[in-house]
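Colleague: Sharing a model that was predicted from the sequence below.
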There are 4 protein chains.
Amino acid sequence: MIIAVKRGTDAAELRDFTAFLENRGVRVHRSEGTSQTVLGLVGDTTGIDEEGLKAHHLVEKVIRVQEPYKRANRLFHPEDTRIDGTGPDGRDWHIGAGNLGIIAGPCSVEGQDQILETALAVQKAGARFLRGGAFKPRTSPYSFQGMGCKGLDLLVEAKKAAGLPLVTELMDIRQLELFDQVDIIQVGARNMQNFALLKELGRCRKPVLLKRGYACTITELLMAAEYLMAGGNDQIILCERGIRSFDNYTRNILDLSAVPALKRQSHLPVIVDPSHATGLAWMVPAMAKAAVAAGADGLIVEVHRDPERALCDGEQSITHKGFSSLMESLKKYAAIEGKCL
Amino acid sequence: MIIAVKRGTDAAELRDFTAFLENRGVRVHRSEGTSQTVLGLVGDTTGIDEEGLKAHHLVEKVIRVQEPYKRANRLFHPEDTRIDGTGPDGRDWHIGAGNLGIIAGPCSVEGQDQILETALAVQKAGARFLRGGAFKPRTSPYSFQGMGCKGLDLLVEAKKAAGLPLVTELMDIRQLELFDQVDIIQVGARNMQNFALLKELGRCRKPVLLKRGYACTITELLMAAEYLMAGGNDQIILCERGIRSFDNYTRNILDLSAVPALKRQSHLPVIVDPSHATGLAWMVPAMAKAAVAAGADGLIVEVHRDPERALCDGEQSITHKGFSSLMESLKKYAAIEGKCL
Amino acid sequence: MIIAVKRGTDAAELRDFTAFLENRGVRVHRSEGTSQTVLGLVGDTTGIDEEGLKAHHLVEKVIRVQEPYKRANRLFHPEDTRIDGTGPDGRDWHIGAGNLGIIAGPCSVEGQDQILETALAVQKAGARFLRGGAFKPRTSPYSFQGMGCKGLDLLVEAKKAAGLPLVTELMDIRQLELFDQVDIIQVGARNMQNFALLKELGRCRKPVLLKRGYACTITELLMAAEYLMAGGNDQIILCERGIRSFDNYTRNILDLSAVPALKRQSHLPVIVDPSHATGLAWMVPAMAKAAVAAGADGLIVEVHRDPERALCDGEQSITHKGFSSLMESLKKYAAIEGKCL
Amino acid sequence: MIIAVKRGTDAAELRDFTAFLENRGVRVHRSEGTSQTVLGLVGDTTGIDEEGLKAHHLVEKVIRVQEPYKRANRLFHPEDTRIDGTGPDGRDWHIGAGNLGIIAGPCSVEGQDQILETALAVQKAGARFLRGGAFKPRTSPYSFQGMGCKGLDLLVEAKKAAGLPLVTELMDIRQLELFDQVDIIQVGARNMQNFALLKELGRCRKPVLLKRGYACTITELLMAAEYLMAGGNDQIILCERGIRSFDNYTRNILDLSAVPALKRQSHLPVIVDPSHATGLAWMVPAMAKAAVAAGADGLIVEVHRDPERALCDGEQSITHKGFSSLMESLKKYAAIEGKCL
């Protein structure tokens, strides 16, 4: 961390300020220019509050050289992390380090028949994971809120029938115990900075799919991962799902540059959700292919047997047939990129 | 709600689609132009999912004329709502409908002495409410996370000593029972769409200070209020605290146009947090005055006895003296605007 | 265009308002609901000012169903437009309708030797067009502003030597006459809404590469194209080059969803500039591939023989070798997508 | 400027890099930490391209301590700049340094009668300047483009009749000679980075009202001012007029924190345009008052005698009566803030 000290600071003030900094466990290296003194903080600065330092009357600027995250930082963990598990069919699954994880299924479970039919269809088309929501975060209290516990039971039934590991969202800390049969717990974009939830999941021993908040920076996403990892859970999958912008042609702007950015900064796998990002089913295939071309480690895609009659997010769901055709394209892309699909 | 039907839709399709819509509890009024058929949905459309309709193959555009919120809507409740209570000093307090509520105190409670000293100072300067955090939402897991339950006890002690009602943030649903002595429960910007938390607070009977998420629209803020109100809690105070933008001169951009916008759309009181919005103590007085000039019903301001040594958010905290001088200006502004301070 | 009339409007007011609208050359179709009257405007509404209508005291909402652009609209021109020309080598070139146009070269011309060397290198690697700036739009008046007319001469020399058509930016209307030997005139992002410039170029008979302003919507970009087309120039190539966002990891956010969006709304070819979008040379190959996967009709890429010593934008320029290796990958992507490279 | 050098850089590389930097006219001061070497550049760094330096393979981060603008910088010009002139009535006018400049008039001149009537009305209500557009930047080529030269004549006639200095927008460099009778030349938001225009106006000797681009940062606005000032024109008035955001309740988000920010960074006067910022006439008075409370040196407000019939921007224009009532409020605000109105 580098601190530019205000012009006119005298020697005694500088001495006191240096002592103040050293009390926080770092060494301070001083460099004096003609008009400006610069202090370099040497040691572990992750625990030093940048904002706090800016409040000091002698400080002009504070610049972080070292990133504020440690466990999620590729600097300290150069190898790609691979997330592993064993599916209900007994086969091992992997995401990251050359393995493309394709997660597919409906926005929400709407009934036994519906989830089963889609689970089997996506499995047949080549998906390796089933997604589906039982508890839904909806902007309006008057919208369908998901089938709840009953929905969770149906998801577990479907995952077993299709032999696919299950990915589903946890919204309420108090329901964690119901998620025993869930293979990967999803933290939704709106909860990316729900720190109570992150701390709880840090203590749990299941992989977590962490979605980027729709107005959160690359650094904030990695800091949210750091919360989970600081708690002891290092099975984290990052997910880009679109950010807010001034244009509303698509629901959000899919930030595909986040894929190479996150993979450079961190060793964690990065997947992309083209469905929530665009909100437009017809655009999903183009964006899914682009995500793989940009280096993503997987995709999470909404698929519905009859999007027009979906209780939720029909506009962005592709059909069984559409998904099947997308998988054909993705196989070619995976081959070029040398990824296992 | 108005639906523009795609060109080339035939009569039979239109009849089926009309039936499909009427099944959702509205009447459908048809208007045929030369190149376009338009359907008007008459009745209560708050339960109809706009996004879902867009998935229908006959739909070109869907336009909501009626807002998706009801209880928070000024249309159905033309009078200003006033939030009332009785403080620890036995005096009644009011926010809204002509009453300016000034809430002040440190970012977080750091010790008995600190919170007590600031509580008495802001009370003396004219604040009517004490703020302070015991549980802190921090971007980094390595930053100070607040004093927790012990901090809550100190806040309650300070509120009694200063005779000021207490405003503090709830981050974890499971801690609601600890908030018995809290007068107004704050929902932070990062939790504005934590729907599990909103549903729980909808069932509680305490005023809620609901902060706008830093990338949430006016409508989304009102929908979050609607969650609380749909649960039966109608004592809601809205708070503008800055939104994300491309410029990082200030931490966020204080959106003061949200004040007249929210007050036109809703009957709920609207206050402003110039401290979190700007992140810069020297800018707080200018923005506080501007907020009152724009029609705000109150302010929530961070005040610290020694901002340089604050454990949290020192950069944005004003001193006791700075607050006192701000209150002198605010009195003049309140007088012009005809508000009780 | 659909107008929702305010509640409580009486019959006489409605009659007057209808006459007021019909005076603007459209027919008005009225639809009365129980609580709301809706007017549909039938005919050509591109000349009707939506904002102006909102000022009318009887108007609650105005909704455009038809897009405000005509000539750029795919609705009225379903086939892809292909931009054609003949290069200095006598060969015909095409962009769009299945033809990938790869434009490469340095940010700016810095000298005869430099531009020639890079022109030959990109030609050899497979680029079909040479880019390079003689007049540079720089944020600071103290930064290198380009070599000016001398630079233009060097570009023309290099284009001839390499046999590549030349793409370069026009910043000042008064310099148009100097652009005689330029094959495609570029309008930079900062000039996308420089209407004086657009009008002038609408009268010229050269292809224009129109870059999206960094905070302009899809619709605004198409309206800027419409300015050019309304003037009679229909040889327009659209270019996505990144938009502003709250994250500053990359210089801008490359909005790849703009590619399918623009291609659905318009018949014009759409290319992508991964260099300006990301500002990071190491990220350019990933984003270039993703652009082609998303359906782009071409790329414009900054290439420098020694990025560290570039007078401008070195951080985002790839080396000759890097470009050559990128072209190898792009050939595979073009093959999958069935595009001519 | 501070440069953090990459880990692992050896002594010889560092020596070469230092020489490379010193060739650019600065002295280099080296500070070695245990894991990081930091270089401080001493001297005038305004001409050093920050982006370019980032391209160097030894560079990890570049941090500017000194701002990139000089002439616009308050650091080198601590006193407020006041812009002065003499009106057609022979009276001197001032903007800045305690003088509130209120500029009012229609969006565009529509006819002799209209502009004259409004000019007299705003003068009577207390405005000190007349605004009005003859050449209009419109998103659509099919919208009213202004009356052109004829309009300019009418504006000059009206300014004389009302005795008010005239503020109007220049869009096309080639028309500068027509602006002889214009007192303050406006550069619109879309042209803030039209560098050809800025350079030309830098050579002219009239005050320039420079509007902030709707997605430009505080620093970029000051760099645009620097273009004008580097050319020799130091009569610059900055204008905040709203920035792009994800919410579309208002046309733009009025960034009032830009007022104290600009006034801290620069000595130039700062005014606010609440009309374009909000796009909503009913919101203009609240935002106008807030702007003055935030410390603005003036306002530019759209006023129309019959907003419903305005050819342009009627939605955001207030009436003669509305303006008159706003002026009454502003007088009270000016008195509190100690400004001359």
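Modeller: Right, received. Where do you want to start?
Colleague: Sketch out the helices for the stretch 1-150 of chain A, chain order is fine.
Modeller: A:11-22, A:50-54, A:112-125, A:149-162 (DSSP state H, counting those that start in this stretch).
Colleague: Check the stretch 201-341 of chain A too.
Modeller: A:218-230, A:258-265, A:274-278, A:284-293, A:320-337.
Colleague: Out of these, which is closest to residue C:106?
Modeller: helix A:258-265 (23.1 Å; CB to CB). Just so you know, the C-beta spots here come from the backbone N, C-alpha and C atoms, and that holds for glycine as well.
Colleague: For the helices of the stretch 1-150 of chain A, which has the smallest mean pLDDT value?
Modeller: Looking at those, the lowest mean pLDDT belongs to helix A:50-54 (a mean of 82).
Colleague: Quick one: residues in contact with that helix.
Modeller: A:1, A:3, A:59, A:62, A:64, A:68, B:279, B:310-316 (CB atoms under 8 Å, 6 or more residues apart in numbering or on different chains).
Colleague: related to what we said a few turns ago, mean neighbour count added to the helices of the stretch 201-341 of chain A, as JSON lines?
Modeller: Formatted as JSON lines, the helices of the stretch 201-341 of chain A follow (neighbours: other CB atoms under 10 Å in any protein chain shown):
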{"stretch": "helix A:218-230", "mean neighbour count": "25"}
{"stretch": "helix A:258-265", "mean neighbour count": "23"}
{"stretch": "helix A:274-278", "mean neighbour count": "27"}
{"stretch": "helix A:284-293", "mean neighbour count": "27"}
{"stretch": "helix A:320-337", "mean neighbour count": "18"}
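Colleague: Could you dump those helices into TSV with distance to chain D and mean pLDDT added?
Modeller: Formatted as TSV, these follow (distance: least, CB to the nearest CB, whole Å; pLDDT from 0 to 100):
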stretch	distance to chain D	mean pLDDT
helix A:218-230	14	97
helix A:258-265	13	98
helix A:274-278	14	97
helix A:284-293	20	98
helix A:320-337	27	97
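Colleague: These: which one's closest to residue D:20?
Modeller: helix A:258-265 (26.0 Å).
Colleague: Contacts only, for residue A:211.
Modeller: Residue A:211 sits next to A:186-189, A:192, A:239, A:241, A:273 when contact means CB under 8 Å, 6+ apart.
Colleague: Mind doing that once more with 7 Å?
Modeller: A:186-189, A:192, A:239, A:241 (CB atoms under 7 Å, 6 or more residues apart in numbering or on different chains).
Colleague: Among those, name the ones in strands.
Modeller: A:186-187, A:239 (DSSP state E).
Colleague: Who wins on neighbours among these?
Modeller: Ranked by neighbour count (other CB atoms under 10 Å in any protein chain shown), the ones in strands among the contacts of residue A:211 have residue A:239 at the top, with 28 neighbours.
Colleague: Quick check, it in contact with residue A:271.
Modeller: Yes - using CB atoms under 7 Å, residue A:239 is in contact with residue A:271, at 5.1 Å.
Colleague: any shared contact partners between the two?
Modeller: With CB under 7 Å, 6+ apart as the test, residue A:239 and residue A:271 both reach residue A:300.
Colleague: want to throw the contacts of helix A:50-54 into a markdown table with neighbour count, pLDDT and distance to residue B:211?
Modeller: Output for the contacts of helix A:50-54, formatted as a markdown table (neighbours: other CB atoms under 10 Å in any protein chain shown; pLDDT from 0 to 100; distance: CB to CB, whole Å):
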| residue | neighbour count | pLDDT | distance to residue B:211 |
| --- | --- | --- | --- |
| A:1 | 22 | 84 | 30 |
| A:3 | 23 | 88 | 31 |
| A:59 | 19 | 90 | 28 |
| A:62 | 21 | 86 | 26 |
| A:64 | 16 | 81 | 27 |
| A:68 | 23 | 89 | 24 |
| B:279 | 21 | 95 | 15 |
| B:310 | 24 | 87 | 20 |
| B:311 | 20 | 83 | 21 |
| B:312 | 24 | 83 | 16 |
| B:313 | 25 | 81 | 15 |
| B:314 | 23 | 84 | 20 |
| B:315 | 26 | 90 | 19 |
| B:316 | 29 | 93 | 15 |
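Colleague: tell me which of the residues you listed is nearest to residue D:49?
Modeller: In terms of CB to CB, no member of the contacts of helix A:50-54 lies closer to residue D:49 than residue A:64, at 22.8 Å.
Colleague: re the thing from before, tabulate the helices of the stretch 1-150 of chain A (TSV), appending mean neighbour count.
Modeller: TSV is the format used below for the helices of the stretch 1-150 of chain A (neighbours: other CB under 10 Å):
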stretch	mean neighbour count
helix A:11-22	14
helix A:50-54	19
helix A:112-125	20
helix A:149-162	20
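Colleague: follow-up on the earlier one: of the ones in strands among the contacts of residue A:211, closest to residue B:197?
Modeller: Comparing these against residue B:197 with CB to CB places residue A:187 closest, at 14.6 Å.
Colleague: residue contacts, that closest one?
Modeller: Per CB under 7 Å, 6+ apart, neighbours of residue A:187: A:170, A:197, A:201, A:208, A:210-211.
Colleague: beta partners for it?
Modeller: Note on residue A:187: beta-bridge partners by DSSP bridges are residue A:210.
Colleague: Roughly how far does it sit from chain B?
Modeller: Using CB to the nearest CB, to the nearest Å, residue A:187 is found at 11 Å from chain B.
Colleague: Chain D versus that residue, what's the distance?
Modeller: 22 Å.
Colleague: same thing with residue A:204?
Modeller: In terms of CB to the nearest CB, residue A:204 sits 33 Å off from chain D.
Colleague: try residue A:172
Modeller: Residue A:172 is 27 Å from chain D, by CB to the nearest CB.
Colleague: what residues does the stretch 201-341 of chain A put near chain B?
Modeller: Counting by CB under 7 Å from any CB of the partner chain, the residues of the stretch 201-341 of chain A lying close to chain B are A:214-215, A:220, A:223, A:226-227, A:230, A:244, A:307-308, A:310, A:313-315.
Colleague: Residue A:221 contacts residue A:212, correct?
Modeller: Yes - using CB under 7 Å, residue A:221 is in contact with residue A:212, at 4.7 Å.
Colleague: intersection of neighbour lists for those two?
Modeller: By CB under 7 Å, 6+ apart, the residues touching both residue A:221 and residue A:212 are residue A:192.
Colleague: how about stretch A:325-341, does it reach chain C?
Modeller: Yes - on the criterion CB under 7 Å from any CB, stretch A:325-341 is in touch with chain C at A:332-333, A:336.
Colleague: Before I go, just wanted to say thanks for your time.
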